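Colleague: Need a 3D model of the following:
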Amino acid sequence: MTWRAELATAVGAPVVAARVIAGGDINLAYQVELGDGRRLFVKTHAAPPPGMYAAEADGLAWLRAGPLPVPAVIACGPRFLALAWLDLTAPAPDFDARLGRGLAALHALGAPGFGHDRPSFLATIAQPIGRAPDVATDWIAHRLRPVCRAATAAGRLPPVEPMLDRLRARPDRFGPPEPPARLHGDLWSGNVVAVGGAPTLIDPAVYGGHREVDLAMLALFGGLAAACVDAYAEVAPLAPGWRDRVALWQLYPLAVHALLFGGSYGGQVARILAALV
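Modeller: Numbering: from 1, shown residues only. Next comes the predicted model:
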């Protein structure tokens, strides 16, 4: 059965049109029109890892308790995820400030621990299930080590295991102790869209982690505005030295990019690790 047939069965209406739209590097994306007049955003993949779309739907539900909107899940199957269609707009003048305040409130909702006890994916990469006793253990054992091993085996990253061991032995690199925050987990600027001028979150890769992770991810591709940081800090002041830790928190998405895309990402991971240890 095709994803179109699966979707029609799930929503109780036929698919009358499906137009390919821009949807990122991992999935094919469509604007879908149903026979009952609804419009949906549908993402699909030729060979998705089992449970990938169900995990994203679950992640959206976890974020929905926060103040920043997320798209409604309409239907989910092994090969597709259908979301309510969002009419995107230009950001309002206070977009960045609203994002900062919203992220601070989302993070403050917290998590049961560092890590996640339900399936989640960063792109097509399954994130480990389980919780760690502290942020350093989670960051090394659940985030960096599995991805770095896979990227090294694929020839896309130099061997970095010894540097990961040395980083784990440097708790000072992780900043003052903080409780686990409720993270979006893949918060680059393309995963924050404007709807009615206001920030809306899409494409999560959720887990409980250090709240600086989401800010560092925004900064990775130029999406962390000063107004966002200022508004965040008004709600939840950031710990001293947080800017010095941005590169630490960027290691995980960079390692994922090395595994998926190769190129210069592997060398970037190795250089940051060398500077940290």
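
Colleague: Following element in sequence after the longest helix along the chain, please.
Modeller: In the chain, taking DSSP state H as the definition, the longest helix is helix 246-261. Using DSSP states H and E, the helix or strand that directly follows helix 246-261 along the chain is helix 265-276.

Colleague: Quick check: buried residues in that next one?
Modeller: By neighbour count on 16 or more other C-beta atoms under 10 Å, the buried set for helix 265-276 is 265-266, 268-270, 272-273, 276. Every residue, glycine included, has its C-beta placed from N, CA and C.

Colleague: Could you take those residues and lay them out as JSON lines, with extra columns for distance to Trp188 and pLDDT?
Modeller: Formatted as JSON lines, the buried residues of helix 265-276 follow (distance: C-beta to C-beta, whole Å; pLDDT from 0 to 100):
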{"residue": "Tyr265", "distance to Trp188": "14", "pLDDT": "96"}
{"residue": "Gly266", "distance to Trp188": "19", "pLDDT": "96"}
{"residue": "Gln268", "distance to Trp188": "15", "pLDDT": "96"}
{"residue": "Val269", "distance to Trp188": "16", "pLDDT": "97"}
{"residue": "Ala270", "distance to Trp188": "21", "pLDDT": "97"}
{"residue": "Ile272", "distance to Trp188": "17", "pLDDT": "97"}
{"residue": "Leu273", "distance to Trp188": "21", "pLDDT": "97"}
{"residue": "Leu276", "distance to Trp188": "21", "pLDDT": "96"}
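
Colleague: Out of these, which is nearest to Leu201?
Modeller: Tyr265 (24.3 Å; C-beta to C-beta).

Colleague: how close does Arg143 get to Leu187?
Modeller: Using C-beta to C-beta, to the nearest Å, one obtains 15 Å as the distance from Arg143 to Leu187.

Colleague: what does Pro177 give?
Modeller: Plainly put, Pro177 is 22 Å away from Leu187 if you go by C-beta to C-beta.

Colleague: what does Gly130 give?
Modeller: Distance from Gly130 to Leu187, by C-beta to C-beta: 22 Å.

Colleague: Over to Ile272?
Modeller: Ile272 is 19 Å from Leu187, where distance means C-beta to C-beta.

Colleague: Who has more neighbours out of Gly130 and Leu187?
Modeller: Leu187 (26 against 13; other C-beta atoms under 10 Å).

Colleague: tell me the contacts of that one?
Modeller: Shown in contact with Leu187 (C-beta atoms under 8 Å, 6 or more residues apart in numbering): 103, 201, 214, 217-218.

Colleague: can you tell me which of the residues you listed are in helices?
Modeller: 103, 214, 217-218.

Colleague: and the residue nearest the centre of the chain, what pLDDT?
Modeller: Ranked by distance to the mean C-alpha position of the chain (C-alpha atoms, centre = their mean), the top residue is Asp186 at 1.8 Å. pLDDT for Asp186: 96.

Colleague: what's the distance between the closest residue to it other than its chain neighbours and His142?
Modeller: What sits nearest to Asp186 in space, not counting adjacent residues and going by C-beta to C-beta, 6 or more residues apart in numbering, is Ala205, at 4.0 Å. Going from Ala205 to His142 by C-beta to C-beta gives 12 Å.

Colleague: go on, Gly209?
Modeller: From Gly209 to His142 the distance is 9 Å (C-beta to C-beta).

Colleague: higher neighbour count, those two?
Modeller: Gly209 (28 against 22).

Colleague: For that one, name its beta-bridge partners.
Modeller: Beta-bridge partners recorded for Gly209 (DSSP bridges): Ala181.

Colleague: show me what contacts it?
Modeller: Neighbour list for Gly209: 111, 114-115, 135, 138-139, 180-181, 183, 185 [criterion: C-beta under 8 Å, 6+ apart].

Colleague: who wins for most neighbours among the contacts of Leu187?
Modeller: Going by other C-beta under 10 Å, Leu103 tops those with 30 neighbours.

Colleague: Met217 is in contact with that one, correct?
Modeller: No: counting by C-beta atoms under 8 Å, Leu103 stays clear of Met217, with 10.9 Å between them.

Colleague: which residues touch Pro204?
Modeller: 56, 59-60, 62-63, 70, 120, 184-186, 191 are the contacts of Pro204 under C-beta under 8 Å, 6+ apart.
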